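Chemist: Any chance you can model this:
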Amino acid sequence: MSTTEILEKIRLIPENYQQEVVDFIDFILEKKVKKTSISSKKRPLGLLKGRMKMSDSFDDPLEDFKSYM
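Modeler: Next up, the predicted model:
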């Protein structure tokens, strides 16, 4: 679809709905920018390997919640 065809269709839309079209276009553009910035910032796997230690009792129930169980 050409830009001219798109503009003609937009002109046919009542004015009160044209703002919704503008909002949707802004949404699509923002979504594209976010997708581009997210994909370019991926970190390599294993970046913190060996730097963090999880306690052996990490999955054990907390004392504070025993009355709820």
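Chemist: Hmm, residue 21 is touching residue 10, no?
Modeler: Yes - the pair residue 21 / residue 10 is scored as a contact, 6.0 Å apart, by C-beta atoms under 8 Å. Just so you know, the C-beta spots here come from the backbone N, C-alpha and C atoms, and that holds for glycine as well.
Chemist: Name the nearest residue to residue 69, ignoring sequence neighbours.
Modeler: residue 61 (6.4 Å; C-beta to C-beta, 6 or more residues apart in numbering).
Chemist: now the one you found, what's its secondary structure?
Modeler: Three-state call for residue 61 (DSSP: H, G, I helix; E, B strand; the rest coil): coil.
Chemist: Now do it against residue 67, distance only.
Modeler: Going from residue 61 to residue 67 by C-beta to C-beta, to the nearest Å gives 11 Å.
Chemist: Those two: which is more packed in?
Modeler: Just comparing residue 61 and residue 67: by other C-beta atoms under 10 Å the higher neighbour count belongs to residue 61, 10 against 6.
Chemist: quick one, phi psi at the more buried one?
Modeler: phi -60, psi 150 (degrees, to the nearest 10).
Chemist: Just to check, it is in contact with residue 68?
Modeler: No - contact criterion C-beta under 8 Å: residue 61 and residue 68 do not qualify, at 9.4 Å.
Chemist: Give me the buried positions along the helix ranked longest in the chain.
Modeler: Counting by DSSP state H, the longest helix found in the chain is helix 15-39. Residues of helix 15-39 classed as buried by neighbour count (16 or more other C-beta atoms under 10 Å): none.
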